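Trainee: only the shape, not the letters, is given here:
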């Protein structure tokens, strides 16, 4: 018994509809971590970590030159802080999933991705600078000031 073209057309329409319905959850799983409200905690955590690294480097005397302090790191930290505040304000205004998706579509998530990239670049620069300065201080015999075990405790 031959199968008619109508049967193939109906089966094709059903299979296509099922395929599209099956892709919707996959797309939503892909989209969810890319929405601005889902990305904000990561951006805020990276910003806090960069500030902490910078403050630690300053307290330990690892960033000492005027050029590094005011031109390389301080200006960038101010720029990043302004951008983080702008992103935070936009995300805090989001009230629904629909608005979240609209902000994603308008490019807020892309801006947040670039902000995370800039924060990571700053984090790398501060970490490299701190590491090289610690090595320099160790070669000068000044590393004892920064060791975890003080001279008074000693090993027994």
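Mentor: Good, I have the coordinates. Quick caveat: nothing in here was measured; it's all calculated off a predicted structure.

Trainee: now do the SS call for the spatially most central residue of the chain.
Mentor: Geometric centre of the chain, nearest residue: residue 116, 3.6 Å, by C-alpha atoms, centre = their mean. Secondary structure state of residue 116, per DSSP: H, G, I helix; E, B strand; the rest coil, is helix.

Trainee: that one: what's it in contact with?
Mentor: Residue 116 sits next to 39, 42, 43, 46 when contact means C-beta atoms under 8 Å, 6 or more residues apart in numbering. All C-beta atoms are positioned from the backbone trio N, CA, C, and that covers glycine.

Trainee: for residue 38, same thing?
Mentor: By C-beta under 8 Å, 6+ apart, residue 38 lies in contact with residue 32.

Trainee: any idea which element it lies in?
Mentor: helix 36-59 (DSSP states H and E).

Trainee: helix or strand next in line after the helix or strand of the chain with the lowest mean pLDDT, which one?
Mentor: Least confident helix or strand, the chain: helix 66 with a mean of 65, by mean pLDDT, DSSP states H and E. Going down the chain from helix 66, the next helix or strand is helix 75-92, by DSSP H and E.

Trainee: now do that next one, average pLDDT.
Mentor: Mean pLDDT, computed over helix 75-92, is 92.

Trainee: for it, buried residues please.
Mentor: By 16 or more other C-beta atoms under 10 Å, the buried positions in helix 75-92 come out as 76, 77, 80, 83, 84, 87, 90, 91.

Trainee: relative to residue 62, which of these is nearest.
Mentor: residue 77 (15.3 Å; C-beta to C-beta).

Trainee: just the pLDDT for the nearest residue in space to residue 49 that is not next to it in sequence.
Mentor: Nearest non-adjacent residue to residue 49, counting by C-beta to C-beta, 6 or more residues apart in numbering: residue 123, 6.5 Å away. What the model reports as pLDDT for residue 123 is 91.

Trainee: so, low pLDDT: which residues of this structure?
Mentor: 1-4, 6-8, 66-72, 74-75, 143-156 (pLDDT under 70).

Trainee: how near is residue 121 to residue 105?
Mentor: 27 Å (C-beta to C-beta, to the nearest Å).
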